[in-house]
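Participant: Predicted model follows, preceded by the sequence.
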Amino acid sequence: MKACIMCGGAGTRLRPLTFERPKPSIPLLNKPSVGHLVEHLSANGFNDIVITLGYLGRNIEEYLEDGAKFGVEIRYIRERKKLGTAGSVRNAENALDGGPFLVVGGDHVMDFNLREFYQFHRKNDSVLTVGVMSIDDPREYGILDIDVNNRVHRFREKPSSGEIFSNLASTGIYMCDPELFSHIPKQRFDFAKDLFPKLLSSHEPMSAWMARGHWTDIGNATAYRQASRWLLDNLRGTELSGRFNIKDARLNGPATIGTDVCIGSNSAIVGPVVIGANTTVGDNVLISPYTTIGSNCDIADDTSVLSGIIYNDVKIGAHTSVSGSVVDNGTRIGDHCVLENNTVIGPRVLVYDFVTVHSGVSIWPEVVIDGGDVYKDVLNPAYDTHKDGS
């Protein structure tokens, strides 16, 4: 079965994490998120994969290569200009002929039964089937009105109050017949904004498949941390990849521990957690469930990391608290610091001692914070400052 993974967006809403990597390369459990997606597609029988590349697409190609290590065959289609979601798929038409194919975003994390989705589409006379989920607050999604036969009759993108006629939200995952290409012009064209209204107005059959399970598009830091939690919940035991030096510390799994990890005296690690290779955790350190720490990190004494996502080559000082934060590569956090919930610290940031970064703050790459409380985003004019968009 064929699948098309769209990897063209710049991931501006996840800045500062996407200045040096595309959104599908954001680490989840210490490997690019698109790797988890390809593994899921492979497990569901989608072994012929086409990937559309845009922003920093070389990173994705260098990691996935030809797909052999995932048990799939991967081909790449590059966009010379922005084509929109549907236009991007149309640009890959020659690689997607021969039968129904799946379309999914490169930033999606899910555990849907996609084989069931494929079979559902095959049994319905529709050019397009949309994967939908019931969402408590669907205002940030496109919503669909369907009948008992799963036919779509209405669609509204990001409804405002008074327009929410349904809580069935589009996941941005589609099963398509090749016939759909005839409805997509060779220009910038989006599924939700352009194609859905066109199909509905011309009475082309369009269906919805009601998905069960977990799904997010890691479009912001909150969704990113939620995706990390889902994947950590799948850990079933403790896996040690190599040498592991643990003194009189406590390890309560499940956990995945890389080689040459050292845990200091009287420290406590409570799973599910993932710790990368060559990382040192000092004495009296608490690492809570739903934490990932990358490779070559140094967590000093008397520090706590609570549901944090720490990338590679990060140093965190003594008597510091990191709670629900994301810290990018090469950053240094001083002693007696506090990183509050939902803070995002970019790469190669230097935070001096006795700094508190308050909830919701993002810090751009290579910024120096030399003291005090940080209440609002700290930008670096050497980098783009926009956070709106894809």
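Facilitator: That came in fine, so what should we check first? Residues are numbered from 1 along each chain as shown.
Participant: Can you give the contact residues for stretch 145-155?
Facilitator: When contacts are defined by C-beta atoms under 8 Å, 6 or more residues apart in numbering, stretch 145-155 is touched by residues 124, 126, 130, 132, 142-144, 165-166, 168, 170, 192, 196-197, 200, 205-210. Any C-beta I mention is one placed from the backbone N, CA and C, and that applies to glycine too.
Participant: again, only this time at 7 Å
Facilitator: Here stretch 145-155 makes contact (C-beta atoms under 7 Å, 6 or more residues apart in numbering) with 124, 130, 142, 144, 165-166, 168, 196, 200, 205-208.
Participant: got it, and stretch 224-243?
Facilitator: Stretch 224-243 has contacts (C-beta under 7 Å, 6+ apart) with 14, 26, 28-29, 36, 109, 214, 216, 218, 253-260, 271-272, 290, 292, 309, 324.
Participant: just the helices in the stretch 101-250 of the chain please.
Facilitator: When secondary structure is read from DSSP state H, counting those that start in this stretch, the stretch 101-250 of the chain shows helices at 114-123, 196-201, 221-233.
Participant: which intervals of the stretch 251-390 of the chain have sub-threshold pLDDT?
Facilitator: Along the stretch 251-390 of the chain, segments meeting pLDDT under 70 span 388-390.
Participant: 50 instead, please
Facilitator: For the stretch 251-390 of the chain, no stretch has pLDDT under 50.
Participant: And for the stretch 101-250 of the chain?
Facilitator: Counting by pLDDT under 50, the stretch 101-250 of the chain contains no low-confidence segment.
Participant: make it 80
Facilitator: Along the stretch 101-250 of the chain, segments meeting pLDDT under 80 span 138-141, 159-164.
Participant: Can you list the residue ranges for strands in it?
Facilitator: Using DSSP state E, counting those that start in this stretch, the strands of the stretch 101-250 of the chain run over 101-105, 109-110, 128-134, 142-146, 152-157, 168-176, 206-210, 215-216, 238-240, 244-246, 250-252.
Participant: In a markdown table: the ones you listed, plus distance to L379 and mean neighbour count.
Facilitator: Formatted as a markdown table, these follow (distance: least, C-beta to C-beta, whole Å; neighbours: other C-beta atoms under 10 Å):
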| stretch | distance to L379 | mean neighbour count |
| --- | --- | --- |
| strand 101-105 | 27 | 25 |
| strand 109-110 | 28 | 23 |
| strand 128-134 | 35 | 23 |
| strand 142-146 | 31 | 20 |
| strand 152-157 | 30 | 16 |
| strand 168-176 | 29 | 23 |
| strand 206-210 | 41 | 21 |
| strand 215-216 | 26 | 19 |
| strand 238-240 | 40 | 15 |
| strand 244-246 | 40 | 15 |
| strand 250-252 | 40 | 14 |
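Participant: Among the contacts of stretch 224-243, which are located in strands?
Facilitator: Applying DSSP state E to the contacts of stretch 224-243, the entries found in strands are 28, 109, 216, 255-257, 292, 309.
Participant: what about G84, neighbour count?
Facilitator: When neighbours are counted by other C-beta atoms under 10 Å, G84 registers 22.
Participant: from memory it sits against F191, does it?
Facilitator: No. Checked against C-beta atoms under 7 Å, the pair G84 and F191 is beyond contact range at 8.1 Å.
Participant: Can you tell me the closest non-neighbouring residue to P272?
Facilitator: L232 (4.0 Å; C-beta to C-beta, 6 or more residues apart in numbering).
Participant: So the one you found versus V38, what's the distance?
Facilitator: Separation of L232 from V38 (C-beta to C-beta, to the nearest Å) stands at 19 Å.
Participant: more crowded one of those two?
Facilitator: Neighbours per residue, other C-beta under 10 Å: of L232 and V38, the larger number sits with V38, 27 against 22.
Participant: That one belongs to a helix, doesn't it?
Facilitator: Yes. Counting by DSSP: H, G, I helix; E, B strand; the rest coil, V38 falls inside a helix.
Participant: Tell me the one of the contacts of stretch 145-155 nearest F70?
Facilitator: V130 (26.2 Å; C-beta to C-beta).
Participant: Could you measure from the closest one over to M206?
Facilitator: Counting by C-beta to C-beta, the separation of V130 from M206 is 7 Å.
Participant: How about N44?
Facilitator: 23 Å.
Participant: what does I218 give?
Facilitator: 27 Å.
Participant: How about N329?
Facilitator: Taken as C-beta to C-beta, the span from N329 to M206 is 43 Å.
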